[in-house]
Every structure is written in C-alpha cells, then in structure tokens.
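Asks: starting from these lines, generate the structure:
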Amino acid sequence: MKFRHIILITLLLCAVSVVAQAAPHDVVLTWTESDTASGITYNVYRGTSTGSCTTLPAMTKINTSTVSVLTYTDTSVVLGGSYCYAVTAVYNGLESGMSVGAGASITKAAPPSINITIIQ
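Replies: Numbering: from 1, shown residues only. This next block holds a predicted model:
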C-alpha cells in the first residue's frame, strides 16, 4: 500500500491589530506579530476610503518587497485623502488573508518651512 503524504500549510492570522497614524505627508502603520516564528514577513495594502474601514475597499499592495519589521510608512498619500490599510503575513511564499482594516485621513498640510538668515 502506498501512502501519500499530505502537507497542510496553515498561515496564522495576519497582523492582529493594525494602527494607522496620519501626518501631513505620510501615514505610519504599526501592527502586532501574527506569530513569532522566524521567516514571517508582511505585505501592506491600501485602498481609498469614503467612511470607516469595517468593510475593506479594493486594495492595492503598496510595498515593493515584503516587510520584515512591524511598521511601514506610506509616503505616497495626498492632502485630503482618506485611506484604508490592511496587512497580510507571508511565509514561504504563501500569503494569509488580510487583517482588519485601519483608516487614516490627511486633513492638514505641514507648516511651511522658514529659512532664517543671520547677517552679522
């Protein structure tokens, strides 16, 4: 009798808690680990929002390579933009489902820079 080995690969839930903090020119995302196993990296997804991020809008991956730390800064936001973010875990080339969404809105511009010249 031949036995076939069945390998079951289970990706743990992705980032348990994603937090998005908006600044005038970027959004800083932080999340908690899905598991402490080595080799887990993350992908970050963004969509535009018209309200809460309870139901995720169409999402686009915004990182160019997987992220190995628990933070990501999105510098491609625009003033007046409202965004939803979600994170997935990646392990051995397999990707988990998306985390719960986190929202951020860019509501004010950064203060203008001031150049001061001292003449003596």
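Asks: partners of Asn43 in the sheet?
Replies: When bridges are called by DSSP bridges, Asn43 pairs up with Thr88.
Asks: so Tyr44 sits against Tyr83, correct?
Replies: Tyr isn't right for residue 44; it's Val. No: applying Cβ atoms under 8 Å as the test, Val44 and Tyr83 come out as separate, 11.1 Å apart. C-beta here means a position set from N, CA and C on the backbone, and glycine is covered the same way.
Asks: now do the shared contacts for those two.
Replies: Common contacts of Val44 and Tyr83 (Cβ atoms under 8 Å, 6 or more residues apart in numbering): Asp74.
Asks: nearest the geometric middle of this structure, what residue?
Replies: The chain has Val44 as the residue nearest its centroid, 3.5 Å off, counting by Cα atoms, centre = their mean.
Asks: gap between Met98 and Ile116?
Replies: Going from Met98 to Ile116 by Cβ to Cβ, to the nearest Å gives 47 Å.
Asks: okay, those two: which has more neighbours?
Replies: Met98 (18 against 4; other Cβ atoms under 10 Å).
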